[in-house]
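Novice: Quick one: sequence and predicted model below, then my questions.
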Amino acid sequence: MDFDLTPSQQELLCRVAEMARDRFAPRAADYDERAVFPAEDFEDLFREGLLSAVVPADYGGLGLGPYSGDVFTLWMITKELAKADLSLARCWEGHSNSLVLLAGLADEKQKTRWFEGVVKRGEKWVAWSGEPLSSAPGEKSSFGTRVEKTAGGWHVSGSKVFCTSAGGADWAILLVNTEGPGGARHASASPEGLLMLACDLSDATVTFDGSWWNPIGMRATVSHRVCFDRTFIPEDHLIGGPGQYLKDGWQTCFIPHYAASFLGAAEGAYDYAMEHLKRQNKGGDPYVQQRVAQMALNLETAHLWLRHVARLWETGKYEEAKLAGSRARYAIEHLAEETVRHSIRACGARSLNRPSPLERIYRDLSFYIRHDNDDHILSMIGKSLLGQPFDPSFYKP
Ligand SMILES: Cc1cc2nc3c(=O)[nH]c(=O)nc-3n(C[C@H](O)[C@H](O)[C@H](O)COP(=O)(O)OP(=O)(O)OC[C@H]3O[C@@H](n4cnc5c(N)ncnc54)[C@H](O)[C@@H]3O)c2cc1C
């Protein structure tokens, strides 16, 4: 589809698509099988200057992002990575979203120091909130952190789960709450309780527990449990002011980014199906024709949604963009799931026999869309239409 991209945007996306197809896609099955961080992919991204995609141009990056006039290119990069490997895309999203926060909220000293680490040394970032408080059946450990103010900084103790890129990233933005466990999704704390603290993950008091992580999909995101044993975070590692993450609605920048990943997975399923169907010469079947048409329409619709939301961000219509991002995320989640279902039905049982990219996409997407609850997203959209109070960042039931 033609999205009026400039020649340099097109060149960048072609380069990413080529890397994803030739280098990342062939590695994906092995990362998934061993449930390990896609380290070689990140080395390639660094070597190609892509790890700095969201670093502002003044600090040596490409300057992409929701508040810097070009977020569509960022989302299309993510889509290309997700097409090759949805786990890689999640780790990449975590890195890019963290840099969006640094670009928007860090002070000059912090930016100089941390962006230099990304641009020159390939340092990888991630943001961790994950403190679900009610335990699931069979779950042996409980999760949650406590933050204690101390001379010159804070001590963080306890644990977080769903810590994407655990053991792979160098820095994590910890979303912690001074009012007790819960992270950004604390049920009742005032917004000011939420702090964003940059944590150097080489600190000996930070340990990684992979025993918790054995999911159906997204295995290579290594979203392990991470434990903090009175980890000291100095005062100059506080990013933005207390509560700013919630008050400015930063989560809304990342919601359509997740949707770009879902779209990439769907496009990967479509490409697989087309190759499979052509090879088996099944194009004459009217049901196959309909499934192919439906898949293509889904992909086209999802792209148009993302282009629409990106334009709202890029033209400064931020309040509209925040809500439209959730609407796009809901729509694209379902378009992507349906596309994968059509691929499986058109291609048959062997498409789910390992090793098969479609089998991996099916598992990864089923798990990743649980990142948020679509019932609650839809309800939030309903509230916005009915004139009721709504929160487009988190979808509280
Ligand atoms: C692959 C993957 C990677 C992730 N990476 C990160 C990361 O890097 N950083 C990060 O911070 N987070 C990350 N997340 C975590 C994510 O943000 C959620 O915190 C996590 O999915 C919550 O787990 P859960 O669905 O089991 O939790 P729960 O909070 O137990 O939710 C279970 C379900 O119950 C619903 N629910 C919750 N409370 C209520 C209620 N009171 N009444 C009715 N329904 C309710 C929820 O909406 C949901 O549908 C990741 C998630 C995934 C799947």
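Specialist: Cool, the structure landed.

Novice: Find the helix or strand that the residue lying farthest from the centre of the chain is a member of.
Specialist: Among the C-alpha atoms of the chain, the one most distant from their mean position (CA atoms, centre = their mean) is that of residue 284, at 38.6 Å. For residue 284, there is no host helix or strand (DSSP states H and E).

Novice: what's the burial count for the residue in the stretch 251-397 of the chain that the ligand sits nearest to?
Specialist: The ligand sits closest to residue 373 of the stretch 251-397 of the chain, with a gap of 3.2 Å, by CB to the nearest ligand atom. C-beta here means a position set from N, CA and C on the backbone, and glycine is covered the same way. Residues lying near residue 373 (other CB atoms under 10 Å) number 12.

Novice: What segments of this structure are strands?
Specialist: 125-128, 144-150, 153-163, 171-177, 194-200, 206-209, 224-234 (DSSP state E).

Novice: wait, does stretch 376-396 contact the ligand?
Specialist: Yes - using CB under 6 Å from any ligand atom, stretch 376-396 comes into contact with the ligand via residue 376.

Novice: So which bits of this structure are right by the ligand?
Specialist: Near the ligand, when you scan the chain using CB under 6 Å from any ligand atom, you find 90, 94, 126-130, 132, 134, 162-164, 218, 221, 223, 367-368, 370-371, 373, 376, 397.

Novice: that older thread, so what pLDDT did the closest residue to the residue of the stretch 251-397 of the chain closest to the ligand other than its chain neighbours get?
Specialist: Once flanking residues are discounted, residue 373 sits nearest to residue 395: 6.1 Å by CB to CB, 6 or more residues apart in numbering. Looking at residue 395, its pLDDT is 77.

Novice: OK, contacts around residue 395?
Specialist: 326, 372-373, 376-377, 379-380 (CB atoms under 8 Å, 6 or more residues apart in numbering).

Novice: Counting neighbours, which of those residues comes out on top?
Specialist: That'd be residue 326 among these, by other CB under 10 Å, with 26 neighbours.

Novice: Wait, it touches residue 253, no?
Specialist: No - here residue 326 does not reach residue 253: they are 11.7 Å apart, not a contact under CB atoms under 8 Å.

Novice: and residue 299, how many neighbours?
Specialist: 20.

Novice: likewise residue 383?
Specialist: Residue 383 has 15 nearby residues by other CB under 10 Å.

Novice: Repeat that for the one 5 residues further on.
Specialist: Residues lying near residue 388 (other CB under 10 Å) number 10.

Novice: Local confidence estimate at it?
Specialist: 96.

Novice: Identify the residues contacting the residue of the stretch 1-150 of the chain found nearest the ligand.
Specialist: Per CB to the nearest ligand atom, residue 129 is where the stretch 1-150 of the chain lies closest to the ligand, at 3.4 Å. Listed by CB under 8 Å, 6+ apart, the contact set of residue 129 reads 160, 175, 183-185.

Novice: try it again with 10 Å
Specialist: Counting by CB atoms under 10 Å, 6 or more residues apart in numbering, residue 129 touches 145, 160, 162-163, 173-177, 182-186, 194, 196, 245, 251, 394.

Novice: for residue 275, same thing?
Specialist: 347, 357.

Novice: Thought residue 143 was touching residue 128, still the case?
Specialist: No - counting by CB atoms under 10 Å, residue 143 is not a contact partner of residue 128; they are 11.1 Å apart.

Novice: which residues do the two both contact?
Specialist: Between them, residue 128 and residue 143 share the contacting residues 160-162, 183, 226, judged by CB under 10 Å, 6+ apart.

Novice: Break down this structure into its helices, ranges please.
Specialist: 7-19, 25-34, 39-47, 72-84, 86-105, 108-121, 244-247, 251-279, 286-314, 318-347, 357-368, 374-385 (DSSP state H).

Novice: From the contact counts, what lies against the fourth one?
Specialist: Helix 72-84 makes packing contacts with helix 7-19, helix 25-34, helix 39-47, helix 86-105, helix 251-279, helix 286-314, helix 357-368 when contacts are defined by 3 or more CB pairs under 10 Å, 6 or more residues apart in numbering; DSSP states H and E.

Novice: among the ones you listed, which is nearest residue 232?
Specialist: With CB to CB, the closest approach to residue 232 among those belongs to helix 86-105: 20.5 Å.

Novice: can you give me how far the closest one is from the chain middle?
Specialist: 7 Å (CA atoms, centre = their mean, to the nearest Å).

Novice: State the number of residues packed around residue 43.
Specialist: 12.

Novice: Nearest spatial neighbour of it, chain-adjacent residues omitted?
Specialist: Nearest non-adjacent residue to residue 43 (CB to CB, 6+ apart): residue 122, at 7.2 Å.

Novice: got a list of what that neighbour touches?
Specialist: 42-43, 45-47, 51-52, 170.

Novice: right, and the pair among these with maximum separation?
Specialist: Taking CB to CB as the measure, the contacts of residue 122 span a maximum distance of 16.5 Å, between 47 and 170.

Novice: Settle it for me: which of these two has more neighbours?
Specialist: residue 170 (18 against 11).

Novice: Chain neighbours aside, what residue packs nearest to that one?
Specialist: Closest to residue 170 by CB to CB, 6+ apart is residue 123, at 4.3 Å.

Novice: Which phi and psi values does the one you found adopt?
Specialist: Main-chain torsions, residue 123, degrees, to the nearest 10: phi -70, psi 140.

Novice: Could you count how many residues lie near it?
Specialist: 19.

Novice: same check, this time on residue 270
Specialist: 20.

Novice: how about the nearest residue to it, chain neighbours excluded?
Specialist: Distances taken as CB to CB, 6+ apart put residue 295 closest to residue 270, at 4.9 Å, once the chain neighbours are dropped.

Novice: so what's the one you found up against?
Specialist: Residue 295 neighbours (CB under 10 Å, 6+ apart): 266-267, 269-270, 273-274, 335, 338-343, 346.

Novice: got it, and residue 173?
Specialist: 94, 97-99, 101-102, 105-106, 125-129, 195-199, 237, 239-240, 245.

Novice: Report pLDDT for it.
Specialist: For residue 173, the predicted pLDDT is 98.

Novice: what are the bridge partners for it, then?
Specialist: Beta-bridge pairing for residue 173 (DSSP bridges): residue 127, residue 198.
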